[in-house]
Structure formats: C-alpha cells, structure tokens
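S.K.: sequence unavailable; structure follows:
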C-alpha cells in the first residue's frame, strides 16, 4: 500500500491517484488499498513511525520528518522535499538554472513551519538548494522566540559554492497569514514567486521522491548538524 | 528662512532643492559647488547665487545648509559649516568612518548648531503608519524584521571606493538600519554579513545580506544591493516586514505605485504614486531650524547606522559575526 505523510492543508489533490485520508494509525490500518491508482494520505501529526516497519507499505515522507526520526527509516521509505513538490518552487529553481546559471546571485526564501521544526526544514531545503547552487560552504543562523515560546522566527545566512549568498527564513506564527516567498537576483535578472502558503502536489511528490538510501540520509543528517551548529539563539 | 546648498554631487540635492523652492518663506539663498558647471547650472535652475569658494559661501547670511557632496567630503563641509554657525542637514551616510562622524557631531555640539542626517525613508507614509501601529501596541512585541533596499547602480562617484567609502552596502544599509532602530528604540548588538560583487564590472560591492541581532534579542535580515537594472519596472524598493506577537505587517516606502503596461522595450513601469518622502524630510528640517528643536534624526542616529554598515564590511571580510 502506498502511504503519503504530509500536512493536509499543504497537499493539493492528485490527478492520477485516488486518495483515502486517515487521521491515525488505527484508522490507516482499516484501509486496504490494492490498486496502483490508490494512495493513503496520513496527516503528519498522526504519523506513527512504527508504520515503516510494515514492509508491505511504501511510504513517502518529507525529508524534515525523517530528520526528526533519523534512526527509524527503512528501505521502504521514500523521501520527498517541499521545494521539489510544489509547482511554483520547482519552476522557480528550474528558471534560476535556465536563465541565470544559478550562480553569482542572491537567493532569498521565507516559509512557515510548525514550532520546533525549523531546523529540520532548513536542512531539508538546503539538501535541494545544493542541487541548484552547489554545495553549502557556510551557514550562520539566528533565531528568536516570544516569551511564551509560541512563535519564533529563524534566519539562516548561507553561502553556496556557485558564488550564491542566501537568506532562508522560517516563521512559526499561530493564526496569522505568512506567505511563502522565494526570489532571486543576479546580473540583469530578477525572479520572484510568492503564494499565501506552500502547496505540494501529490503527483510531483510521487514523481520526485527519492529512496531513503543511506547516502541521502547521511547528507541530510550532516546538513542538520551544520544548521544546528550555525544557529545561535 | 535662507538656505544654502553645499554641492549637488548627490542626486538627492535636486529633490531637496525642488521642495525648498516650493516652500513658503524659504529661499535658496546661495549655492556652493566645486564643480563650477554643475553649480552654475543649479544656481540658474533654482534662481540662486553661485559660489565656487566655500569660505565666501559660508560668509553669506544663510540660516542653514544642506550638504549633498560625495560621502568622503561630508566631514570637511560639516566642520566648516558648523564653525560658521550654520545649521546642517547632511546627506547620508554621515561619514565614511567612525572618527570623522564623532568629530562632526562634536563640532556641531560645540558650535550650538543642529546636525540632522537625511534619512527620508522615515518620512514615507507607509513606513510612518507602521511606526504608529508599533507605538499603539497593535503589532505586539517585535520578534523579527525583514528589510530590503535594492536599487539601481547610481554610477559616478558612488562606485569610487575612495569618494563613497563603500558600495551598495554602505549606500543602502543605513536607511533600513535607521528605520529598524527607530521602530525598536534599541541598538544593534551583532551583525553577520556576506558581501560580494554580482551585478556589475566595478571594483566595489553591489550585493549584501546582513543578519542582525538587536540588544533586546530581536533579529533581522537585510537585503541590500544595486541589483535593479535599467529596464526594471521601478528604481527599487525600501521594504520592511515586521513579525510581531500580535500581527505581521509588511510595507514598502515605494509600494504605492501605478503599474503602466505598454508595448515598448520596457513593457512594465511602476510609477510611484505616494507622497514624496523627501518633502517630509525637508519640511521637518526647516521646522527644526525654525523652532530650534532637537532634530528628529540626529548625528548620533547617522553614526549608529553607519557603524552597522561598516560592521557588515568587517564581518564579510573576517567571515564572522561582529559585536558592536
């Protein structure tokens, strides 16, 4: 059975799959989906890591979720990455490569993620951005929270090997509108994209997901270590 | 009130002079410029008297001067104007190094004259509206700010490291650092910066990303550049997003615009449709001189903004955060 783990508000309908939704493992266990055109969707908050032990399942999880549970991944896990799973973000990165060679420029990105997940999300995003801008050379970060620790903002200043400087910013705000934005500036080129919230396509997720092989997991964990090491609070 | 203009090297001089000319009870009584052709042309345009000699200019009966020279000449002009007991509005950045800025501030204090620094973004209506929202408590405690100031390469002496003291990072950072200090009422504790040259073939910085922490723990990002090319729809931006515990708000000093689409080489053009912030700056300075009050933007404000930009250069050179 194919199982997709994600944030339900961010997932767009699929053109190719019939989607069944489950809000818990118990509910998920009740479904038997045999057809190749069927997929079980479980909200990230209800995902039980023990599900990866069931070898019959082919599971698609976000890179950030794997980073939160790096020791439980199995070969039946496929990783997907937000920046490859939304039409806008995917197209923007492709356009930067095509129009500006993805070098000698300024990249800025801002996203909203749940509390305490920004480091995982930053590592996941850096994994994909490295494929566009070259390897991460240096990371320096700052984060701030309110007194009640119910909201935060984190800024990562990153330099990439292709002479690219970047700011990746993550905000956790309850009940407020914070947009998803990406922009690029290089000589004679400015490219930008924004939408109210990051949206992922199930079809793009299935198309771009990567097997959770040790080299990918190791790279993600290494980036997470660098993100954590570069951030002061 | 009689105002003297000292140098038209900075293009803002023309905007300031246009507003002075439109103000009731204010005259541009004298113009000094060591570029004779430029100074004479300005004196014709603004129906004023041209001086090629600074001493002769400062001997004139003017109440205040507006200095719009190259950055590295601010010190000389401020010191001489202060000694001549003229109140001063000095274009930003106040200077190109801390020692000069301190000397300028001290000279004005010693001579009892006003030193105001030209940060017109403070007089942008959308920027002022945010300040009102902060003061009223509508935004709550500020957690973070995101700022940009990206424009076109001004060319000329701006890309001469000696005359300008720095490139886009010095030219633009001071504006948004000043706005952030004004909003928070706090000083910067630490700056980390990446600075490079991406947008032109000149030996000066044209791109910078700054990561800033204020003394109260508020963090901020700043994107500063000369990245906007000549066919870009607008000159650029001066934007700020404030992430507060109650609300997140975003504005741009150049955000009030009409979009003109046309079948032309430059098919889209943004036409600024807001109130000219330079008018607010000039009105404020004239009011300050008339009422002999503390300027709304002091020499100290200019010093702190310049220090932030200089710390960014130091951080980029050493590849580590700098504590102020």
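M.R.: On my side now, so go ahead. In this text, all values refer to a predicted model and were calculated from it rather than measured experimentally.
S.K.: how about the residue of chain A found nearest chain B: what's its closest non-neighbour residue?
M.R.: Using C-beta to the nearest C-beta, residue A:153 is the residue of chain A that sits closest to chain B, at 3.6 Å. Backbone N, C-alpha and C define where each C-beta goes, glycine included. Of all residues not flanking residue A:153 in the chain, residue B:144 sits nearest, at 3.6 Å (C-beta to C-beta, 6 or more residues apart in numbering or on different chains).
S.K.: so residue B:34 versus chain A, what's the distance?
M.R.: Separation of residue B:34 from chain A (C-beta to the nearest C-beta, to the nearest Å): 35 Å.
S.K.: what does residue B:265 give?
M.R.: From residue B:265 over to chain A the distance is 14 Å, taken as C-beta to the nearest C-beta.
S.K.: ok, residue A:62 touching residue A:83?
M.R.: No: the pair residue A:62 / residue A:83 is not scored as a contact, 10.9 Å apart, by C-beta atoms under 8 Å.
S.K.: write out the residues of chain A neighbouring chain B.
M.R.: Within chain A, the positions adjacent to chain B are A:104-106, A:108, A:110, A:138, A:140-147, A:151-153, A:155, A:157, A:159, A:163, A:165-167, A:169, A:171, A:173, A:176-178, A:185-188, A:190 by C-beta under 8 Å from any C-beta of the partner chain.
S.K.: list buried residues within those residues.
M.R.: Neighbour counting with 16 or more other C-beta atoms under 10 Å in any protein chain shown marks A:104-106, A:108, A:110, A:140-146, A:151-153, A:155, A:157, A:159, A:163, A:165-167, A:169, A:171, A:173, A:178, A:185-186, A:190 as buried within the residues of chain A next to chain B.
S.K.: out of the residues you listed, which are inside helices?
M.R.: If you go by DSSP state H, these have nothing in helices.
S.K.: okay, and which of the residues of chain A next to chain B map to strands?
M.R.: A:105-106, A:108, A:110, A:138, A:140-145, A:152-153, A:155, A:157, A:159, A:165-167, A:169, A:171, A:185-186, A:190 (DSSP state E).
S.K.: where does pLDDT dip in chain A?
M.R.: For chain A, the stretches with pLDDT under 70 are A:15, A:25, A:28-36, A:173-178, A:231-233.
S.K.: nearest residue to the middle of it?
M.R.: Most central in chain A under C-alpha atoms, centre = their mean is residue A:82, positioned 3.4 Å from the mean C-alpha point.
S.K.: ok, the residue nearest to residue B:131 when sequence neighbours are not counted - how many residues close by?
M.R.: Take residue B:131 and drop its neighbours on the chain: the residue closest to it by C-beta to C-beta, 6+ apart is residue B:183, 6.2 Å away. By the criterion of other C-beta atoms under 10 Å in any protein chain shown, residue B:183 has 22 neighbours.
S.K.: what about residue B:183, which SS state?
M.R.: With DSSP: H, G, I helix; E, B strand; the rest coil as the basis, residue B:183 sits in helix.
S.K.: which parts of stretch B:220-231 are buried?
M.R.: The neighbour-count criterion (16+ other C-beta under 10 Å) identifies B:220-228 as the buried residues of stretch B:220-231.
S.K.: next one: stretch A:7-26
M.R.: Neighbour counts over stretch A:7-26 (16+ other C-beta under 10 Å) mark A:7, A:10-11, A:14, A:17, A:20-22 as buried.
S.K.: restricted to helices, list the residues you listed.
M.R.: The helices in this structure, assigned by DSSP H, contain none of these.
S.K.: identify the residues contacting residue B:20.
M.R.: By C-beta atoms under 8 Å, 6 or more residues apart in numbering or on different chains, the residues touching residue B:20 are B:3, B:26-28, B:46, B:66, B:282, B:286.
S.K.: any idea how far residue B:1 is from it?
M.R.: 9 Å (C-beta to C-beta, to the nearest Å).
S.K.: what is in contact with these two at once?
M.R.: Joint contacts of residue B:20 and residue B:1 (C-beta under 8 Å, 6+ apart) are B:26-27, B:286.
S.K.: now, among those residues, which is nearest to residue B:126?
M.R.: Checking those against residue B:126 with C-beta to C-beta, the nearest one is residue B:286 at 23.1 Å.
S.K.: what's the burial count for that closest one?
M.R.: For residue B:286, the neighbour count with other C-beta under 10 Å is 21.
S.K.: what strand or helix carries it?
M.R.: In this assignment (DSSP states H and E), residue B:286 forms part of helix B:277-290.
S.K.: for chain A, what are the nearby residues on chain B?
M.R.: Contacts of chain B with chain A, taken as C-beta under 8 Å from any C-beta, map to B:141, B:143-144, B:146, B:150, B:192, B:194, B:196, B:198-200, B:207, B:209, B:211, B:213, B:217-221, B:223, B:225, B:227-229, B:232, B:243, B:245, B:247-248, B:319, B:321.
S.K.: which SS class is whatever residue of the stretch 1-150 of chain B ends up closest to chain A?
M.R.: As assessed by C-beta to the nearest C-beta, chain A sits closest to residue B:144 within the stretch 1-150 of chain B, at 3.6 Å. In three-state terms, and counting by three-state DSSP, residue B:144 is strand.
S.K.: got a list of what it touches?
M.R.: Here residue B:144 is in contact with A:144, A:153, A:155, A:169, A:171, B:218-221, B:243 (C-beta under 8 Å, 6+ apart).
S.K.: what ranges does chain B have for its helices?
M.R.: Going by DSSP H, chain B shows helices at B:12-22, B:36-45, B:54-58, B:74-83, B:98-111, B:125-136, B:161-164, B:168-184, B:277-290, B:299-318.
S.K.: Throw these into a markdown table and include mean pLDDT, thanks.
M.R.: A markdown table is the format used below for those (pLDDT from 0 to 100):
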| stretch | mean pLDDT |
| --- | --- |
| helix B:12-22 | 97 |
| helix B:36-45 | 98 |
| helix B:54-58 | 98 |
| helix B:74-83 | 98 |
| helix B:98-111 | 98 |
| helix B:125-136 | 98 |
| helix B:161-164 | 97 |
| helix B:168-184 | 98 |
| helix B:277-290 | 97 |
| helix B:299-318 | 98 |
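S.K.: quick one on the thing from earlier: which elements pack onto the helix holding residue B:286?
M.R.: In terms of contacts (3 or more C-beta pairs under 8 Å, 6 or more residues apart in numbering or on different chains; DSSP states H and E), helix B:277-290 is packed against helix B:12-22, strand B:64-67, strand B:87-91, strand B:115-118.
S.K.: what count of nearby residues applies to the residue nearest to residue A:24 when sequence neighbours are not counted?
M.R.: Leaving aside its chain neighbours, residue A:24 sits nearest to residue A:46 (4.9 Å; criterion: C-beta to C-beta, 6+ apart). Using other C-beta under 10 Å, residue A:46 is surrounded by 16 other residues.
S.K.: from memory residue A:46 sits against residue A:8, does it?
M.R.: No: counting by C-beta under 8 Å, residue A:46 sits too far from residue A:8 to count as a contact (9.6 Å).
S.K.: please, where are all the strands along the stretch 151-300 of chain B?
M.R.: All strands of the stretch 151-300 of chain B, identified by DSSP state E, counting those that start in this stretch, fall at B:188-196, B:207-214, B:219-225, B:239-244, B:248-252, B:257-261, B:268-272.
S.K.: just name the most buried of those strands.
M.R.: Comparing those by mean neighbour count (mean count of other C-beta atoms under 10 Å in any protein chain shown), strand B:219-225 comes out on top with a mean of 27.
S.K.: ok now that one, how far from the chain's centre?
M.R.: Offset of strand B:219-225 from its chain centre (C-alpha atoms, centre = their mean, to the nearest Å): 16 Å.
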